[in-house]
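1. pasted the sequence and its predicted model underneath.
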Amino acid sequence: MTTDDDGAKTTASTPTVGKTVAARESGRTFGRRFGVSLLLGIPGIAALVGYIYFATPSTAVPTKLSRPLFALLSGINPLLLLGVACLLGAYAAPRAGLQSLLVDGEASDDGVWRRLRGQVVLAAGLGVLGGVSIIVLDVAMMPFVAQELPQSAIGATRPTVLDVLAYAPVRFLYGGITEELLLRFGVMSAIAFVGWYVTGRRTGGPRAGVMWTAIVVSAVLFGVGHLPALAQAVSLTPALIARTVLLNAVAGVLFGWLYWRRNLEAAMIAHASFHLPLLALSLMQVAML
């Protein structure tokens with residue numbers, strides 16, 4: 001308690017009130033980041049569920065489930081992972097100095113498009129270049145893994161143009177947006193924050209070494225995350241595992257660098273653009289069948 005000039009007693013609670021208000025504002029900001037990032041990832045989950053419904057034959061659906069219910073249930077795990085990643089990113093990304101124009105609410109300043117316009121060409125160009133590079137690397141590695149692929153698996157499926165186009169929304173929405181929220185916004189941000197915290201927080205943000213560690217680790221996890229889908233088609237061998245992880249990790253490093261040096265939206269644009277040459281190649285392969 002303090003006494004003013006008139007002898008009245010007042011409560012010296014201004015610092016406490018200030019801290020309370022700051023905590024509330026911080027909580028609102030965290031909630032907004034989480035909510036916006038989660039909403040950004042939902043279309044990708046919906047695209048994945050839709051494709052599972054389209055591509056799953058009735059014979060592959062468990063007898064007690066309808067195909068729509070099977071497809072919906074298939075989206076639960078990705079949705080839970082997305083929720084965890086958004087929680088991690090909402091807390092860790094701003095503390096690690098990693099930006100997202102949409103998630104951070106930059107639209108209220110001068111517009112997301114105005115801020116992002118100068119980065120679209122760079123991000124899209126790097127994404128397309130990355131996609132072409134991965135195709136070239138895959139062709140170069142094929143002699144080392146061709147024997148690991150049974151001929152029955154190679155010719156087991158003959159996709160149509162409709163199959164390829166039906167998968168396109170998964171490439172662009174789930175791959176381009178949801179996977180970036182999972183691996184970059186969630187995992188990479190968390191690793192960068194932990195690395196910065198462990199190294200003593202002696203600077204205003206993580207050093208380059210910490211950031212590169214976060215980029216590489218999240219990129220490798222990005223590659224590992226593609227193994228379950230491959231395992232459904234063929235038996236995994238060391239050569240196939242190394243090929244899958246390496247090719248996807250190379251792309252992941254590119255996306256991680258853009259997230260670090262630009263923002264999350266640039267990484268999303270690059271990841272979506274990365275799929276353009278892959279989609280074109282798939283259509284060419286269908287045309288040649």
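-> Thanks, I have the structure now. Numbering: from 1, shown residues only.

2. what distance do you get for the nearest residue to A71 once chain neighbours are set aside to R28?
-> Of all residues not flanking A71 in the chain, Y53 sits nearest, at 3.7 Å (CB to CB, 6 or more residues apart in numbering). Quick note: C-beta positions are derived from backbone N, CA and C, even for glycine. According to CB to CB, to the nearest Å, Y53 and R28 sit 37 Å apart.

3. for these two, indicate the residue with more neighbours.
-> Y53 (17 against 10; other CB atoms under 10 Å).

4. just the element for the more buried one, please.
-> helix 14-55 (DSSP states H and E).

5. for that helix, packing partners?
-> helix 67-74, helix 76-95, helix 161-169 (3 or more CB pairs under 8 Å, 6 or more residues apart in numbering; DSSP states H and E).

6. which one of those lies closest to V112?
-> helix 76-95 (16.3 Å; CB to CB).

7. from the chain's centre, how far out does the closest one sit?
-> 10 Å (CA atoms, centre = their mean, to the nearest Å).

8. next, the buried residues of it.
-> 78-79, 81-82, 85-94 (16 or more other CB atoms under 10 Å).

9. nearest to N263, out of the helices and strands packed on helix 14-55?
-> Closest among the helices and strands packed on helix 14-55, using CB to CB: helix 76-95, at 10.1 Å.

10. now whichever helix or strand comes after the closest one: mean pLDDT?
-> With elements assigned by DSSP H and E, the helix or strand that comes after helix 76-95 is helix 112-145. Average pLDDT, helix 112-145: 91.

11. flag every buried residue along helix 112-145.
-> Applying 16+ other CB under 10 Å to helix 112-145 flags 112, 115-116, 119, 123-124, 126-128, 130-134, 138, 145 as buried.

12. ok, now which ones touch W257?
-> Shown in contact with W257 (CB atoms under 8 Å, 6 or more residues apart in numbering): I215.
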